[in-house]
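1. Have a look; sequence and predicted model below, questions after that.
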Amino acid sequence: MSNVKAAAPPTDAAAQILTDDAIAFVGELQERFGARRAELLAARKGRGKPSGFLEDTQEIRDGDWQVPPPRPDYADRRAEITGPTDRKLVINALNSGAKGFMADFEDANSPTWQNQVEGHLNLIDAVEGTITYDSSEGKHYELVDNPATLLVRPRGWHLPEKHLTLGGEPVAGAFMDFGLYAFHCGKRLAERDRGLYLYLPKMEHYEEAALWNDVFLFTREALGLPPGLIRATVLIETLPAAFQMAEIIHALGEHSYGLNAGRWDYIFSMIKVFRDDPDFVLPDRNDVKMTVPFMRAYTELLVKTCHAHGAFAMGGMAALIPSRKDEEANQRALDAVKADKEREAKAGFDGTWVAHPDVVDVALKAFDDVLGNRPNQIDKQRYDVDVSPEQLLDAGSTPGEITEEGLRSDVSVGFQYISFWLGGRGAAGINNLMEDAATAEISRSQIWQWVKHGKFDRDHVRKVLDEEMERIRADVGDEVWQKGRPEETKKIFEQVALSDEFPDFLTLPAYEYID
Ligand SMILES: CC(=O)SCCNC(=O)CCNC(=O)[C@H](O)C(C)(C)COP(=O)(O)OP(=O)(O)OC[C@H]1O[C@@H](n2cnc3c(N)ncnc32)[C@H](O)[C@@H]1OP(=O)(O)O
Ligand SMILES: O=CC(=O)O
Ligand SMILES: [Mg+2]
């Protein structure tokens with residue numbers, strides 16, 4: 001396909017990723033499916049707020065259908081670690097003792113050309129089992145025996161990839177990430193009897209899952225991959241998707257590998273959908289816990305729905321990350337992760353996510369205690385759960401307060417995260433919390449919502465921003481500060497938190513600033 005063009009490979013080694021055949025395959029995905037993707041993104045705008053389950057899909061929700069059983073190579077997913085696709089991190093994650101590692105081109109990723117392309121080099125070496133890394137401190141990294149199973153999360157449907165174009169237009173980031181992974185690793189995985197496992201983020205409608213299903217069917221034919229190889233877990237992390245869980249599993253058909261409760265984007269989505277409604281103003285981010293009514297309702301419905309159809313129900317990410325330098329912070333994180341994972345295991349989840357190798361054991365133990373030797377608890381039915389639309393929409397009874405401290409923390413985290421992201425880092429530990437695109441979206445959209453409803457005025461937020469910028473500058477020193485592109489960061493922050501119109505995703509305007 002001659003009108004597909006890729007920017008120059010970021011390094012000589014990366015050229016093996018961007019071969020003519022590989023980029024032609026991505027171009028073909030864009031050509032065949034790009035218009036449908038664009039229509040589905042446009043349809044998001046016109047749908048309005050969800051208010052109930054869909055009438056015309058009642059039969060699917062009530063139907064007696066099952067997804068294919070788990071593949072034998074990955075039936076036990078009790079703890080999955082996640083992280084960006086950097087070489088060292090990939091090795092550490094695969095060696096962490098977790099059952100799976102989700103290599104992330106979405107929330108934990110900053111989509112620089114280098115990250116996007118080198119990530120695939122690292123994934124090939126991971127699949128081959130040959131991945132190694134030598135740090136500047138002289139430490140050598142290589143894989144242990146029986147490393148974790150690899151899963152890959154391509155970008156959501158909304159994100160473009162401007163370095164790879166078809167007819168001069170950016171291809172979908174999702175086509176690039178999935179396409180290159182399937183192209184380079186599909187046969188390699190099949191030869192090893194391993195599945196091509198995916199996580200699919202940020203969908204808002206079951207037709208978006210149906211599009212993925214068609215992409216998989218086409219890919220299978222085009223690349224000569226065996227049936228049953230591609231299996232995808234969908235993140236339920238938008239409010240509209242919570243009303244279509246069964247439909248989404250169904251739309252993925254034979255490719256379905258369950259659902260995951262993507263809690264951080266889900267909170268962001270709740271704010272986004274109801275941002276103009278004074279009855280839906282959420283308290284400080286730290287108060288929106290998994291046990292508040294609307295979060296509990298959605299996770300319980302997720303377990304019930306998945307298990308009714310023989311699919312995995314996967315838990316989400318606890319925010320606290322452990323520290324090797326601060327024993328007290330470390331213990332706080334271990335305790336918080338333990339409580340979170342014990343709650344999920346008891347609720348019927350089959351596994352969960354962790355952000356750091358030092359909490360893998362805690363998560364494993366919480367699930368070991370419930371699962372024992374069983375690989376999962378898909379057979380556990382939650383007949384006791386009956387979730388109504390009102391419960392899914394019940395933001396109003398979330399206990400907590402809107403405080404100056406909460407505002408300050410949102411400002412500081414939002415600013416720091418955007419700065420990291422512009423510098424090529426998509427995940428960071430800030431104040432012992434894992435911050436990524438999803439948590440940063442909560443911070444900036446909360447500020448937008450609070451300003452909208454008169455909890456703080458814009459001038460006050462600007463004053464707090466200036467103070468927090470000064471504080472960060474004093475903490476990191478002038479050299480690091482300048483490298484963090486403070487003026488552009490401030491501009492993006494103000495655009496996504498303080499403009500009249502609410503930008504749908506902070507990563508879209510911020511992407512304009514990435515070369
Ligand atoms: C909302 C969502 O979508 S959640 C999923 C997306 N988010 C993520 O995946 C975030 C995953 N977590 C991370 O990226 C990291 O843990 C961070 C950025 C939060 C913190 O990382 P660091 O600052 O490097 O943590 P720290 O210094 O404690 O790391 C200690 C060691 O653990 C390793 N490590 C930390 N987190 C991870 C991880 N997720 N995977 C693999 N290794 C990890 C580090 O590489 C380091 O290794 P080394 O001793 O060989 O140098
Ligand atoms: O992707 C996960 C989330 O919590 O968001
Ligand atoms: Mg997410």
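-> Alright, I've got the coordinates. Source: prediction; values computed, not measured. Numbering: from 1, shown residues only. Ligands and ions are numbered 1, 2, ... in the order given.
2. Near ligand 3, which residues of this protein are found?
-> Residues of the chain lying close to ligand 3 (CB under 5 Å from the ion) are 107, 237, 262, 265, 438. Every residue, glycine included, has its C-beta placed from N, CA and C.
3. Quick one: residues contacting the nearest residue to residue 142 once chain neighbours are set aside.
-> Setting aside the residues directly before and after it, residue 142 is nearest to residue 132 in space (CB to CB, 6 or more residues apart in numbering), at 4.7 Å. Applying CB atoms under 8 Å, 6 or more residues apart in numbering, we find residue 132 in contact with 91, 125, 140-142.
4. now do residue 417
-> 428, 430, 435-437, 439-440, 443.
5. so of these, which ones are in strands?
-> Judged by DSSP state E, strands contain the following of the contacts of residue 417: 428, 430, 435.
6. quick check, nearest of these to ligand 3?
-> Comparing those against ligand 3 with CB to the ion places residue 435 closest, at 12.4 Å.
7. you'd agree the closest one is up against residue 427?
-> Yes: proximity of residue 435 to residue 427 meets the contact threshold set by CB atoms under 8 Å, at 7.0 Å.
8. Check the residue nearest the centre of the chain and give its pLDDT.
-> Centroid-nearest residue in the chain, with CA atoms, centre = their mean: residue 107, separated by 4.6 Å. On pLDDT, residue 107 comes in at 98.
9. Touching, it and residue 426? I think so.
-> Yes: counting by CB under 8 Å, residue 107 touches residue 426, with 7.1 Å between them.
10. so what's in contact with these two at the same time?
-> With CB under 8 Å, 6+ apart as the test, residue 107 and residue 426 both reach 436-437.
11. per-residue confidence at the nearest residue to residue 269 once chain neighbours are set aside?
-> Residue nearest to residue 269 in three dimensions, not counting chain neighbours: residue 238, with 4.1 Å by CB to CB, 6+ apart. With respect to pLDDT, residue 238 scores 98.
12. and what of residue 412?
-> pLDDT, residue 412: 98.
13. closest point of this structure to ligand 3, which residue?
-> residue 265 (3.5 Å).
14. Please name the residues that touch that residue.
-> By CB under 8 Å, 6+ apart, the neighbours of residue 265 are 107, 201-202, 235, 237-238, 438, 441.
15. would you turn those into JSON lines with distance to residue 175?
-> Shown next, in JSON lines, are those (distance: CB to CB, whole Å):
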{"residue": "107", "distance to residue 175": "19"}
{"residue": "201", "distance to residue 175": "14"}
{"residue": "202", "distance to residue 175": "15"}
{"residue": "235", "distance to residue 175": "18"}
{"residue": "237", "distance to residue 175": "20"}
{"residue": "238", "distance to residue 175": "20"}
{"residue": "438", "distance to residue 175": "22"}
{"residue": "441", "distance to residue 175": "23"}
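16. What parts of the stretch 251-400 of the chain come near ligand 2?
-> Proximity of the stretch 251-400 of the chain to ligand 2 (CB under 6 Å from any ligand atom) is limited to residues 262-265, 316-317.
17. and those, which two are the farthest apart?
-> 265 and 317 (10.4 Å; CB to CB).
18. Now, the contacts of residue 265 that are in strands?
-> Among the contacts of residue 265, DSSP E puts residue 235 in strands.
19. Now narrow the contacts of residue 265 to whatever sits close to ligand 1.
-> Among the contacts of residue 265, ligand 1 is touched by 107, 438 when using CB under 6 Å from any ligand atom.
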